[in-house]
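J.: give the three-dimensional model of this entry:
(2 chains)
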2 protein chains.
Amino acid sequence: MIVVKVGGGANIDVDAVLQDAASLWKSGTPLVLVHGASDETNQLSERLGLPPRFVTSESGHVSRFTDAATLDAFAMASGKLNLRVVEKLQRLGANAVGLTGVDGRLLEGARKDAIRTVQDGKRIMLRGDFTGTIERVNTKLLRLLLDNGFLPVVTVPSISTAGEAVNADADRAAAAIAGALAATQLVILSNVPGLLRDVNDPTSLVARTTVAEAETLAQGRFKKKVLGAQEAFELGVREVVFATANRTEPVQAALNGGGTHLTST
Amino acid sequence: MIVVKVGGGANIDVDAVLQDAASLWKSGTPLVLVHGASDETNQLSERLGLPPRFVTSESGHVSRFTDAATLDAFAMASGKLNLRVVEKLQRLGANAVGLTGVDGRLLEGARKDAIRTVQDGKRIMLRGDFTGTIERVNTKLLRLLLDNGFLPVVTVPSISTAGEAVNADADRAAAAIAGALAATQLVILSNVPGLLRDVNDPTSLVARTTVAEAETLAQGRFKKKVLGAQEAFELGVREVVFATANRTEPVQAALNGGGTHLTST
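T.: All right, here's what the predicted structure looks like:
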């Protein structure tokens, strides 16, 4: 069992990932695909006159601030992308089924209504945020689909313990799913080759490392990916791979040694 | 087993339908909920500068013309609505799972790339339409969910035999599902009380009729609902009910004699 996360950013070749995922699925590898929708959401929000708003938490993590209208836009963008991903996988012969974290309460956790942010060096408390953490993966639905030959394609929103649709980090959603399903590997694909010793030097790729070292190397949005990896290890995942989506057979390349391979110790 | 379709038009009280569907589900009635998304799609299309385009076929049926951009808008609107419906059902204690017709190839049929239309009395062939008929319901996924205690919430798009996401009529999707699952009843809820002898007289409701008589009474978009009913009867559904969504317990009211009850003969 592997869990593959592909980012939803611009400049990501999702088609190569889908081809590879479909081949793996057809050759008998059970897998769950998780995708983000950040670029689609940004594009739609711009068209709707709702420019995206990113905030930085006290601990330095960058997140999207999600009011109700933004969550609607996010639901539209991720819904459309999920449909298009499932459509392509079906055309490639893989029996895909799209899910959000709200379906069967798949991805559940507390809503963080208020977030402490830092803006221009000042601490500011923002309220009305529809964002949540993922504390529990209700695997019944996923296992049912996997055991019956379907390929689950998961996207956030997730659901709060009070039953509200909330935005959540898709990397951490993938990590929680990998952990809950005791996946052997979690492959996180984006538009960079992996963790770099020097962020300005693409040849400084770290091929193997521990999560502790990765924490010191990670910058920007990679911090959340490492946090997700940490959570996945705590749940029993053996290996987390950060690799590029932008090559042929990106999933198999990552499984076969490409990118950065993280282990817990 | 009952199948409930609630329209996606403006002036439809979806919340009342969801409360009633959740009660029925919690009291042990297996059901599938199907919803349209026409009003959401119209609103989004307007906001995106894609005004909806309706065409009339030679046989007098009115349909939305769906180019690729319109299908994207439709996927966004129906995806968001599906998420919000599942979210509300979850909050009401029903373990809902949202599906499109593309998931597990649930709703499959030929794409009608070209449609013969009548515009100002002239016959015009329109191409590039992403619209399809539903010829097959792949019930495996639905049965799996129903047998394991989930409440499926289905929306179009459906999938073409060539694997393309296509728009399809949601009433006929509901009819095809009811037929494929051998549902006892198909309940189609909209913002009108049922079939009227005189469309301008709301007291002229037809309480019981046959599908043949209904064909002579149906006007406008009701023609497709009757066509769907006909298809459902051919597949073994016992009764089709057209009733209003806009009252308390609209599903139970329809099951208990409200609206127009159609039988095959």
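
J.: taking the stretch 151-265 of chain A, what residue is nearest to chain B?
T.: residue A:163 (3.6 Å; Cβ to the nearest Cβ). Heads up, the C-betas are built off the backbone N, CA and C, glycines and all.

J.: per-residue pLDDT, that residue?
T.: Residue A:163 is assigned 96 on the pLDDT scale.

J.: give the contact list for it.
T.: B:87, B:90-91 (Cβ atoms under 8 Å, 6 or more residues apart in numbering or on different chains).

J.: what's the following helix or strand after the helix or strand containing residue A:142?
T.: Element membership for residue A:142 (DSSP states H and E) is helix A:139-147. Following helix A:139-147 in sequence order, the next helix or strand is strand A:151-155 (DSSP H and E).

J.: just checking, what packs against the following helix or strand past that following strand?
T.: Sequence order places strand A:158-160 as the next helix or strand after strand A:151-155, per DSSP H and E. With contacts defined as 3 or more Cβ pairs under 8 Å, 6 or more residues apart in numbering or on different chains; DSSP states H and E, the packing partners of strand A:158-160 are strand A:107-109, strand A:165-166.

J.: so which of the ones you listed is nearest residue B:229?
T.: strand A:165-166 (33.9 Å; Cβ to Cβ).

J.: who does that closest one pair up with?
T.: strand A:158-160 (antiparallel) (DSSP bridges).

J.: contacts for the strand it pairs with, please.
T.: Strand A:158-160 has contacts (Cβ under 8 Å, 6+ apart) with A:100-102, A:105-111, A:132, A:134, A:165-168, A:173, B:87, B:90.

J.: now the buried members of the residues you listed.
T.: Among the contacts of strand A:158-160, those classed as buried by 16 or more other Cβ atoms under 10 Å in any protein chain shown are A:100-102, A:105-109, A:111, A:132, A:134, A:165-168, A:173, B:87, B:90.

J.: quick check: which element contains the residue in the stretch 1-150 of chain A positioned nearest to chain B?
T.: As assessed by Cβ to the nearest Cβ, chain B sits closest to residue A:79 within the stretch 1-150 of chain A, at 1.9 Å. Residue A:79 is located in helix A:68-91, with elements delineated by DSSP H and E.

J.: for the record, mean pLDDT for that helix?
T.: 96.

J.: and the helix or strand following that helix, how far from the chain's centre?
T.: Next helix or strand after helix A:68-91 toward the C-terminus (DSSP H and E): strand A:96-100. Remark: strand A:96-100 is offset 14 Å from the chain centroid, using Cα atoms, centre = their mean, to the nearest Å.

J.: mind checking the end-to-end distance for stretch A:121-139?
T.: From its first residue to its last, stretch A:121-139 covers 41 Å (Cα to Cα, to the nearest Å).

J.: then stretch A:139-156?
T.: First residue to last in stretch A:139-156 (Cα to Cα) measures 15 Å.

J.: buried set for it?
T.: A:141-142, A:144-146, A:150-156.

J.: stretch A:214-232 now?
T.: A:214, A:217-218, A:221-232.

J.: kindly report the same for stretch A:111-118.
T.: A:111-113, A:115, A:117.

J.: mind putting these into a markdown table with distance to chain B?
T.: Below are those laid out as a markdown table (distance: Cβ to the nearest Cβ, whole Å):
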| residue | distance to chain B |
| --- | --- |
| A:111 | 12 |
| A:112 | 17 |
| A:113 | 16 |
| A:115 | 21 |
| A:117 | 26 |
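
J.: which residues touch residue A:243?
T.: By Cβ under 8 Å, 6+ apart, the neighbours of residue A:243 are A:187-189, A:193-194, A:250, A:253-254, A:258-260.

J.: which strands or helices does the helix or strand of chain A with the lowest mean pLDDT pack on?
T.: Lowest on mean pLDDT, DSSP states H and E among the helices and strands of chain A sits strand A:62-64, with a mean of 75. Using 3+ Cβ pairs under 8 Å, 6+ apart, the elements in contact with strand A:62-64 are strand A:54-56.

J.: only alpha carbons, please: show the strand or helix carrying residue A:171 as CSV.
T.: According to DSSP H and E, residue A:171 maps onto helix A:170-180. C-alpha atoms of helix A:170-180 as CSV (Å, rounded to 0.1, in the frame of the first residue of the first chain):
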residue,chain,number,x,y,z
ALA,A,170,-3.2,18.4,1.8
ASP,A,171,0.3,17.2,2.6
ARG,A,172,-0.7,16.5,6.2
ALA,A,173,-3.9,14.9,5.0
ALA,A,174,-1.8,12.5,2.9
ALA,A,175,0.5,11.8,5.9
ALA,A,176,-2.5,11.1,8.1
ILE,A,177,-4.0,8.7,5.5
ALA,A,178,-0.7,6.9,5.0
GLY,A,179,-0.4,6.5,8.8
ALA,A,180,-4.0,5.3,9.2
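
J.: how far does that helix sit from the chain's center?
T.: 7 Å.

J.: contacts for it next, please.
T.: Counting by Cβ under 8 Å, 6+ apart, A:3-5, A:7-8, A:32, A:34-37, A:101, A:107, A:133-134, A:137, A:139, A:142, A:154-156, A:158, A:183, A:185-186, A:188, A:224-225, A:227-229, A:231-232, A:234-237, A:240 sit against helix A:170-180.

J.: could you find the closest non-adjacent residue to residue A:234?
T.: Distance criterion Cβ to Cβ, 6 or more residues apart in numbering or on different chains; nearest residue to residue A:234, sequence neighbours excluded, is residue A:179 at 7.1 Å.

J.: what's the pLDDT at the one you found?
T.: 96.

J.: count of neighbours near it?
T.: Close neighbours of residue A:179, defined as other Cβ atoms under 10 Å in any protein chain shown, add up to 20.

J.: the closest residue to residue A:99 other than its chain neighbours and residue A:256, how far apart?
T.: Nearest residue to residue A:99 in three dimensions, chain neighbours excluded: residue A:154, at 5.1 Å (Cβ to Cβ, 6+ apart). Shown here: residue A:154 relative to residue A:256, a distance of 24 Å by Cβ to Cβ, to the nearest Å.
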